[in-house]
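*Asks:* Coordinates for the following, if possible.
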Amino acid sequence: MKRNNMISTLFAFTFTYVLASAPVAAAGQAAIGATSQAPVAVAADPSGTTKAGVCPAHLDHEFRKLHSQETVNLCAEYAGKPLLIINTASHCGFTPQFKGLEALHKKYDDKGLVVLGFSSNDFRQEAGSEAKAASVCYLNYGVTFTMLAPTSVKGANANPLFKELARQSKAPRWNFNKYLVAPSGEVIQHFGSTTTPDSPILIQSIEGLL
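*Replies:* Here you go, the predicted model:
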């Protein structure tokens, strides 16, 4: 009888201890689970953007300005802005378009449009020196928008930006091709050399983007 009482007491004590410990154990397991979960992976941005999605990766390159030692990183300077990108030459039948491009720059600069000229000799019509090319732009046509030093804009040697522009639309077939590019880096529209800066279709596309 005494033995049975001792067994009953021991059983009751053990049962009580288990009940009392269960919430503590459960809370401990929950805490362990909360701290040991793997961090949530951040999906890669399919658009290939950098800087927290602000600037497209193909703009994240540095270019030297025309007839200058100063360089410009397009992301650092123009992230979040629409761009009108043109391949230019100083001795071309379309060179007078500089005047119209400057007019676009003055008209839409306050609304956010960035006009970028990429000097190029891919069609063998650029001046023999940067000094002469700069003179044509800055003195002859009063260009104040950003002009960049000579670079290749077509084929295997094209700079990274023009490679992407060609991938999205088409490579330049001559000087003064115009690419209207959204802040996302998407080419909205490509215009050939014969589309002048004051063309209604170009202006309509610019105003639709702003």
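*Asks:* From now on I want contacts and neighbour counts done on CA atoms only, so please keep to that.
*Replies:* OK.
*Asks:* What is the neighbour count of Lys132?
*Replies:* 15 (other C-alpha atoms under 10 Å).
*Asks:* What secondary structure category should be reported for it?
*Replies:* helix (DSSP: H, G, I helix; E, B strand; the rest coil).
*Asks:* Check Ser205 too.
*Replies:* helix.
*Asks:* Now do the same contact list for it.
*Replies:* 180, 189 (C-alpha atoms under 8 Å, 6 or more residues apart in numbering).
*Asks:* Could I get the pLDDT score of it?
*Replies:* Reported pLDDT at Ser205 in the predicted model: 97.
*Asks:* From Asp198, how far off is Leu148?
*Replies:* Distance from Leu148 to Asp198, counting by C-alpha to C-alpha, to the nearest Å: 22 Å.
*Asks:* pLDDT-wise, which helix or strand of this protein ranks last?
*Replies:* Every helix and strand in the chain was compared by mean pLDDT, DSSP states H and E; the lowest is helix 2-36, with a mean of 41.
*Asks:* if we can go back for a sec, more crowded one of Leu148 and Asp198?
*Replies:* Shown here are Leu148 and Asp198; by other C-alpha under 10 Å, Leu148 has more neighbours (23 against 13).
*Asks:* isn't the more buried one right next to Glu130, touching?
*Replies:* No - contact between Leu148 and Glu130 fails when scored by C-alpha atoms under 8 Å: they sit 10.1 Å apart.
*Asks:* hey, what's in contact with both of those two?
*Replies:* In contact with both Leu148 and Glu130: Leu66, using C-alpha under 8 Å, 6+ apart.
*Asks:* what are the phi and psi values for the residue most central in space within the chain?
*Replies:* The centroid of the chain falls nearest to Pro56 when counting by C-alpha atoms, centre = their mean (1.7 Å). Taking degrees, to the nearest 10, you get phi -60, psi 140 for the backbone angles of Pro56.
*Asks:* in the sheet, who's paired with it?
*Replies:* Under DSSP bridges, the beta-bridge partners of Pro56 are Thr49.
*Asks:* Can you list the residue ranges for strands in this protein?
*Replies:* 49-50, 55-56, 62-64, 71-73, 83-88, 114-119, 146-148, 178-181, 187-191 (DSSP state E).
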